[in-house]
Every structure is written in structure tokens, then in C-alpha cells.
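>>> no sequence for this one, just the structure:
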């Protein structure tokens, strides 16, 4: 497995402030034409991905991620992950309803499917229960 698979998990799930510190490393791990999909984001280039990650939702703070398992099949790596953090910053729902932060702990599990070519990620899919995570935020 390319060593960058585990680093991608942490980079994609961390807070924007943390990502800024490792941005050159992230950019070196992904192809310029990387296709990225999550339940809430779809990008088609490294530039677009970085812009989205840096300007993205930072409602969950103090994020800690763990890689639970990795499996390589050819050029594709499957990474199961878990994360926990605090609902530390407000978040807008549908761009018009502000949900105030509570500081309550939230968690999620999911997996990344990363396809590599020449040592760089060319396709990244991040699957997780977005509704379950939203419920934790809204029920807090």
C-alpha cells in the first residue's frame, strides 16, 4: 500500500487549520486531475479539492482519526477509519439555519477507496453515514 493512503485519511478528515500545516504534503500525494467524492463534496482536480478542504465545514473540532484497517487490491487501497471530535463551531444547514455549537463529542466511521497511479491518488471516494453524523450534531 502506498504510505500516502493513511496520510490521506488524516488530511481529508482533519480541521482546515491542521491541513494548512501539511498542505504541501497533501498536494504531493494527489494527482492534479484527482476525482474526489464524499456524501457532501465532489471535486475534479487537486486545486478544487484543496480549496474545498481549506474553506470547508469546520463544525467538528479537536478531530482525532484512527485507521482501523487497510487492504490493497492492485492499484486500489481500501482504508477503514474512525474519527471523533467535538461539535465546537456552529454550522449552517441549507445555508440558512445556524446550529449553535454544544461542545458535545461526536463520532463517525467510514472508509476511503483510493486509486493510485504512479504513486499519486487519482480517485478518492470517502463513504460514511452523513445522516448519522448530522443527527449527533442536531441532537446535541
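That came through, no problem. Remember, predicted model here, so these are calculated numbers, not experimental data.
>>> give the residue spans of this structure that score low on pLDDT.
Counting by pLDDT under 70, the chain has low-confidence residues at 1-3, 56-57, 140.
>>> quick one: the strands in it?
In the chain, the strands defined using DSSP state E lie at 30-37, 42-43, 60-73, 76-87, 91-93, 97-99, 105-117, 120-128.
>>> got CSV for those, with mean neighbour count and distance to residue 22 too?
Any C-beta I mention is one placed from the backbone N, CA and C, and that applies to glycine too. Listed next are the strands of the chain as CSV, based on neighbours: other C-beta atoms under 10 Å; distance: least, C-beta to C-beta, whole Å:
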stretch, mean neighbour count, distance to residue 22
strand 30-37, 17, 12
strand 42-43, 15, 18
strand 60-73, 14, 13
strand 76-87, 18, 16
strand 91-93, 13, 24
strand 97-99, 11, 29
strand 105-117, 18, 17
strand 120-128, 18, 15
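>>> can you list those strands in CSV and add distance to residue 136?
Putting the strands of the chain into CSV (distance: least, C-beta to C-beta, whole Å) gives the following:
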stretch, distance to residue 136
strand 30-37, 22
strand 42-43, 24
strand 60-73, 9
strand 76-87, 8
strand 91-93, 12
strand 97-99, 11
strand 105-117, 4
strand 120-128, 12
